[in-house]
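**Student:** just need the structure, nothing else, for what follows:
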Amino acid sequence: MSQYQAIIQQYFEKEKKIAVIGLGYVGLPIALELARKFSVIGFDISAPRVEMMRNKIDPSKELPSSAFEGTDILFTHQLEDLKQAQFYIVAVPTPVDEHKTPDLVPLQRASETLSKVIKKGDYVVYESTVYPGCTEEDCVPVIEKGSGLKAYEDFKVGYSPERINPGDTQHTLTKVTKIVSGCSAESLEVIAAIYGAIIEPGVYKASSIKVAEAAKVIENTQRDLNIALMNELSQVFNQMNINTYDVLEAAGTKWNFLKFQPGLVGGHCIGVDPYYLTYKAMELGYRPQIILSGRGINDGMAAYVAKKVVQHLISQEKVLSKTRVLIMGATFKENVSDIRNSKIFDLHKELKGYSVKIDMVDPHAEADEVEHEYGVVLNDRVDQHYDAVIVAVAHNEYKNYTEEHFRDILEPGGLLVDLKNIYKGKITNFTHWTL
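**Tutor:** Numbers count the residues shown, from 1 in each chain. A predicted model of the protein is given here:
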């Protein structure tokens, strides 16, 4: 038995422990799946969140209580507990700030935490989305400085990008091939064995940590650019009085046409990750043109939608300060409670800038969280006499609404803005506008 095989065996026999740092949308599913095969420590800085998980409650509302069954896991917010582990996985958020610059504070703090508990022979794997080079150039030095240990000699480093998709019940953690990478051949084998134990399709061994980082960041950059093309086309076709979805349906009959749709691009991934890549590129003296252009189009869609709504209100000779608009949906995508980087709040802000009175509802979003993060108070019920209704998210609860439902809450001459094209062919007696 080789040296690395002996190390792997110690984890399977639970002689060594695995710790997951950060138990959000990414970290908790990983921790629970690993805990079906290994002894795991789940660490989060939030004591209330830890208490919820001890009671088999996912704070992110993605996993049922049954997901906690049959697991060997200790949930903790105590630093001392982390010292029991020998393999650390970091799954903390990597947002951007108001200037669209990467905010590495959560990552740096997690690395500082690691520096206080890491020992010789330990492994550290980062999962957070970053730009190529971030793991080795920004994170590892923090661990080295705080611990006095030397990376690659005293402890091993790897990167395995997360592919969690909130609300997706098909492409779950164990069903999707996982990229793994390590700082050496031995570390790569150990890391691949740990992840390979829970990933059904297996793992893909990237040639380097930087390659794995780059692969992750371009996955969402590619989607961002394709959606940006659809958003630009929707604006062009709108000028031509052509229904964009009719065009996409027709073009989609060709075997190699990519079926993307226009929309507000929010969430933690697609609307954020490209900025990590462009930041690093510009740091190296290259200004990306296509990527930034796509970001500009997508970031501008909320203002575009608000403008179209206001133009309709003015065409109806409405006094904007006396108009009422209902926004249905607050989360960044359908059937989830996740409001991170939801562009619907950009739409809310744009409309408010026109002095429009706005009500907002969502059956999935937490009202307290919405108010805390965005300063917006969700309504607990839908009123009547709205001049426009914007259906911004395709929640299942909204899909069966009929024309009569909207007729009951809209003023005569009112506008239904159907951003997800849910009601195509169902609205005949008042103005129905979609991207």
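**Student:** please enumerate the strands of this structure.
**Tutor:** Secondary structure of the chain, counting by DSSP state E: strands at 17-21, 39-43, 73-76, 87-90, 123-126, 156-159, 178-182, 203-205, 324-328, 357-361, 386-391, 410-418, 431-433.
**Student:** CSV for the ones you listed, including distance to Glu33 and mean neighbour count?
**Tutor:** Every C-beta, even on glycine, is put in place using the N, C-alpha and C of the backbone. CSV is the format used below for the strands of the chain (distance: least, C-beta to C-beta, whole Å; neighbours: other C-beta atoms under 10 Å):
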stretch, distance to Glu33, mean neighbour count
strand 17-21, 10, 26
strand 39-43, 9, 25
strand 73-76, 10, 20
strand 87-90, 11, 26
strand 123-126, 14, 27
strand 156-159, 18, 26
strand 178-182, 11, 24
strand 203-205, 13, 17
strand 324-328, 35, 24
strand 357-361, 35, 19
strand 386-391, 35, 24
strand 410-418, 38, 20
strand 431-433, 44, 17
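**Student:** which among those is found nearest to Tyr286?
**Tutor:** strand 156-159 (22.7 Å; C-beta to C-beta).
**Student:** who's in contact with that closest one?
**Tutor:** Identification of contacts with strand 156-159 by C-beta atoms under 8 Å, 6 or more residues apart in numbering yields 122-127, 135-136, 140, 151, 180-184, 186-188, 190-191, 209, 212-213.
**Student:** quick check: Ile242 vs Pro363, distance?
**Tutor:** 33 Å (C-beta to C-beta, to the nearest Å).
**Student:** ditto for Leu107
**Tutor:** In this structure, Leu107 and Pro363 are 33 Å apart, going by C-beta to C-beta.
**Student:** give me the more crowded residue out of these two.
**Tutor:** Using other C-beta atoms under 10 Å, the more surrounded residue of Leu107 and Pro363 is Leu107, with 23 against 15.
**Student:** ok, back up a step: got the strands of the chain as a markdown table, with mean pLDDT and distance to Ala281 columns?
**Tutor:** Output for the strands of the chain, formatted as a markdown table (pLDDT from 0 to 100; distance: least, C-beta to C-beta, whole Å):
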| stretch | mean pLDDT | distance to Ala281 |
| --- | --- | --- |
| strand 17-21 | 98 | 29 |
| strand 39-43 | 98 | 33 |
| strand 73-76 | 98 | 39 |
| strand 87-90 | 98 | 24 |
| strand 123-126 | 98 | 20 |
| strand 156-159 | 98 | 19 |
| strand 178-182 | 97 | 21 |
| strand 203-205 | 97 | 24 |
| strand 324-328 | 97 | 35 |
| strand 357-361 | 97 | 37 |
| strand 386-391 | 97 | 35 |
| strand 410-418 | 93 | 36 |
| strand 431-433 | 93 | 37 |
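**Student:** CSV for those, including distance to Asp368?
**Tutor:** Below are the strands of the chain laid out as CSV (distance: least, C-beta to C-beta, whole Å):
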stretch, distance to Asp368
strand 17-21, 26
strand 39-43, 24
strand 73-76, 23
strand 87-90, 28
strand 123-126, 31
strand 156-159, 35
strand 178-182, 35
strand 203-205, 39
strand 324-328, 18
strand 357-361, 14
strand 386-391, 23
strand 410-418, 27
strand 431-433, 32
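**Student:** looking at those, which is closest to Lys254?
**Tutor:** Closest to Lys254 of the strands of the chain, according to C-beta to C-beta: strand 410-418, at 25.8 Å.
**Student:** angle of that closest one against strand 324-328?
**Tutor:** 40 degrees (axes from the mean of the first three to the mean of the last three C-alpha atoms, to 10 degrees).
**Student:** for strand 410-418, what is the distance to the chain centroid?
**Tutor:** Strand 410-418 sits 32 Å away from the centroid of its parent chain (C-alpha atoms, centre = their mean, to the nearest Å).
**Student:** then stretch 392-412?
**Tutor:** 27 Å.
**Student:** what is the end-to-end distance of it?
**Tutor:** Terminal residues of stretch 392-412 are spaced 21 Å apart (C-alpha to C-alpha, to the nearest Å).
**Student:** give me the buried positions along it.
**Tutor:** By 16 or more other C-beta atoms under 10 Å, the buried positions in stretch 392-412 come out as Ala392, Val393, Ala394, His395, Tyr398, Tyr401, Phe406, Ile409, Leu410, Glu411.
**Student:** pull the CA atoms of stretch 129-138 into PDB?
**Tutor:** Extracted in PDB, the C-alpha atoms of stretch 129-138 (Å, rounded to 0.1, in the frame of the first residue of the first chain):
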ATOM      1  CA  THR A 129     -15.400  30.700  -6.700                       C
ATOM      2  CA  VAL A 130     -12.200  32.800  -7.300                       C
ATOM      3  CA  TYR A 131     -10.000  34.100 -10.100                       C
ATOM      4  CA  PRO A 132      -7.100  31.900 -11.200                       C
ATOM      5  CA  GLY A 133      -4.200  32.200  -8.800                       C
ATOM      6  CA  CYS A 134      -6.300  33.300  -5.800                       C
ATOM      7  CA  THR A 135      -5.900  30.100  -3.800                       C
ATOM      8  CA  GLU A 136      -2.100  30.000  -4.000                       C
ATOM      9  CA  GLU A 137      -1.400  33.800  -4.100                       C
ATOM     10  CA  ASP A 138      -4.000  35.200  -1.700                       C
END
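**Student:** give me the residues contacting that stretch.
**Tutor:** So stretch 129-138 is contacted by 94, 102, 104, 107-108, 126, 151, 157, 159, 161-162, 183, 209-211, 213-214, 216-217, 220, 269, 272-273, 276-277, 279-280 (C-beta under 8 Å, 6+ apart).
**Student:** for stretch 343-356, same thing?
**Tutor:** Contacts of stretch 343-356 (C-beta under 8 Å, 6+ apart): 264-266, 271, 299, 301-303, 305-307, 309-310, 313, 320-321, 323-325, 327, 329-332, 339, 358, 360, 374, 376, 390, 392-393.
**Student:** list the buried residues in it.
**Tutor:** By 16+ other C-beta under 10 Å, the buried positions in stretch 343-356 come out as Lys343, Ile344, Phe345, Asp346, Leu347, His348, Lys349, Glu350, Leu351, Tyr354, Val356.
**Student:** returning to that earlier point: please pick the buried ones from the contacts of stretch 343-356.
**Tutor:** 264-266, 271, 299, 301-302, 305-306, 309-310, 313, 323-325, 327, 329-332, 339, 358, 360, 374, 376, 390, 392-393.
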